[in-house]
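1. Sequence and predicted structure are below.
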Amino acid sequence: MHDFDKDFFRDDAFVADPYPYYEALRARCPVHREDHHDVLMVTGYDEAVEVFGDADRFSSCIAVTGPFPGFPVPLEGDDVSGLIEEHRDKLPMSDQLPTLD
């Protein structure tokens, strides 16, 4: 069993070898809410395909820098699509392929 109390995004051990953590996540469930930064980690293949293929239900406003940059304005309400479109270019590395639809 893996120690999920450690911060995946800040613990140097995960940089050197993240694969045991990934294995533990997949064994636990295909979608996991990371406790330290309140982000969802999708490890199941089918779940990842669903998320990346459904821009109507899931935001493509992702950052290759993880959860640290935050969003440039407060995200309020149930539908933040307009805010994402308006401010997408202000996110770090927003011009990189992983952050595009």
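-> Thanks, I have it.
2. R88 in helix, strand or coil?
-> helix (DSSP: H, G, I helix; E, B strand; the rest coil).
3. State the pLDDT value of it.
-> On the pLDDT scale, R88 is placed at 77.
4. Same question for D56.
-> In this model, D56 carries a pLDDT of 83.
5. Is L40 inside a helix or a strand, and which specific one?
-> Using DSSP states H and E, the element containing L40 is strand 39-42.
6. Pull out the buried positions in that strand.
-> Across strand 39-42, burial judged by 16 or more other C-beta atoms under 10 Å covers V42. No exception for glycine: its C-beta is placed from N, CA and C like everyone else's.
7. what is the mean pLDDT for that strand?
-> Averaging pLDDT along strand 39-42 gives 84.
8. So what touches that strand?
-> Residues from elsewhere that reach strand 39-42, judged by C-beta atoms under 8 Å, 6 or more residues apart in numbering: 8, 25, 30-34, 48, 51, 66-67.
9. for stretch 72-81, same thing?
-> Identification of contacts with stretch 72-81 by C-beta under 8 Å, 6+ apart yields 59, 83, 87, 90-91.
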